[in-house]
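Chemist: I'd like to go over a predicted model; first the sequence, then the structure.
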Amino acid sequence: MTVRVLVVEDEAIAAQAHAEYVGRVAGFEVAGIARSGVDALRLLAAGPVDLILLDMRLPDVHGLELLQRIRADGHLCDVIAVTSARDVEVVKRAVAQGVVHYVLKPFTFAGLRAKLEQYAAYRSRLSASGTEVVQGEVDQLFGLLRTTTADLPKGLSADTLQAVTSLLREGAALSASEVATSVGASRVTARRYLEHLADTGLADRQSRYGRGGRPEVEYHWRKR
């Protein structure tokens with residue numbers, strides 16, 4: 001299922017850049033661009049939105065006040081703050097109001113992509129959890145939103161993990177050799193990243209039988 005994203009940003013150039021970034025991440029699409037709080041509420045009323053990229057400094061309302069109105073109107077979409085607001089009080093209030101990520105401007109495409117892919121992993125696991133969860137599953141769900149480079153196994157880099165994740169999320173089942181060729185790594189290295197994704201429940205393994213009947217393990221992104 002595609003994640004529909006509403007970009008709420010008053011600066012035209014920044015809004016377009018954020019929308020382009022979203023469009024470059026597999027599994028995400030732009031539902032609309034709002035340049036003010038009024039625009040955001042109008043677009044939310046017009047169609048389904050799963051995720052909002054929310055600037056805090058809008059011309060007609062503060063982002064956190066807009067978020068309160070959004071909740072009051074019954075919209076339960078998730079929110080990633082994308083802002084230059086560095087005030088500790090704003091960060092505190094954002095967390096209290098359920099903002100799932102807080103991204104400071106300026107940022108790179110890779111930085112935003114990492115947050116979006118963490119969010120996608122969270123949604124994927126949540127959809128597969130059924131109607132009830134146990135404590136371990138809850139911990140894992142929250143952990144998916146909070147993963148940092150420090151959380152990775154020794155020897156794995158966040159950038160390479162993002163590259164492998166993006167490749168799998170395109171939909172095809174791939175072997176370690178195929179992933180290695182695409183990301184420019186050795187087969188052994190690619191397999192470490194693929195095994196990490198499988199061990200954390202984000203990818204599934206299955207056997208592929210090729211010429212000579214020798215099985216090869218292939219990996220695919222876990223369906224939501």
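Modeler: That came in fine, so what should we check first? Numbers count the residues shown, from 1 in each chain.
Chemist: show me what the helix-or-strand element of the chain with minimal mean pLDDT is packed up against.
Modeler: Counting by mean pLDDT, DSSP states H and E, the chain has its least confident helix or strand at helix 135-146, which shows a mean of 75. Judged by 3 or more CB pairs under 8 Å, 6 or more residues apart in numbering; DSSP states H and E, helix 135-146 is in contact with helix 109-127. To be clear about C-beta, it is placed using only N, CA and C from the backbone, and glycine gets the same treatment.
Chemist: for the helix or strand containing H196, which positions count as buried?
Modeler: Assigned by DSSP states H and E, H196 belongs to helix 187-199. For helix 187-199, the neighbour count (16 or more other CB atoms under 10 Å) marks T189, A190, R191, R192, Y193, L194, E195, H196, L197, A198 as buried.
Chemist: could you grab the helix/strand/coil label for the nearest residue to A34 once chain neighbours are set aside?
Modeler: Using CB to CB, 6 or more residues apart in numbering and skipping residues adjacent in sequence, the residue nearest A34 is A40, 3.8 Å away. When classified by DSSP: H, G, I helix; E, B strand; the rest coil, A40 comes out as helix.
Chemist: hang on, A40 packs against H75?
Modeler: No: between A40 and H75 there is no contact under CB atoms under 8 Å: 9.9 Å.
Chemist: neighbour count for these two, which is higher?
Modeler: A40 (30 against 18; other CB atoms under 10 Å).
Chemist: let me see the domain layout of this protein.
Modeler: 3-120, 148-221 (automatic domain parsing).
Chemist: the first one: end-to-end distance?
Modeler: For domain 3-120, the separation between the terminal residues is 8 Å (CA to CA, to the nearest Å).
Chemist: number of residues surrounding V90?
Modeler: When neighbours are counted by other CB under 10 Å, V90 registers 18.
Chemist: now do the SS call for it.
Modeler: With three-state DSSP as the criterion, V90 reads helix.
Chemist: which residues touch it?
Modeler: Each residue near V90 by CB atoms under 8 Å, 6 or more residues apart in numbering is listed here: M56, L64, T83.
Chemist: need the residues you listed in a markdown table with secondary structure, can you?
Modeler: Below are the contacts of V90 laid out as a markdown table (three-state DSSP):
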| residue | secondary structure |
| --- | --- |
| M56 | coil |
| L64 | helix |
| T83 | strand |
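Chemist: what is the rounded mean pLDDT of the host helix or strand of T160?
Modeler: Element membership for T160, per DSSP H and E: helix 158-169. What helix 158-169 shows for mean pLDDT is 82.
Chemist: contacts for it, please.
Modeler: With CB under 8 Å, 6+ apart, helix 158-169 has contacts from 25-27, 110, 113-114, 117, 120-121, 148-149, 152, 174, 179, 182-183, 185, 189-190, 193-194, 196-197, 202-203, 219-221.
Chemist: and the contacts of V90, which is the shakiest by pLDDT?
Modeler: Lowest pLDDT among the contacts of V90: T83, 92.
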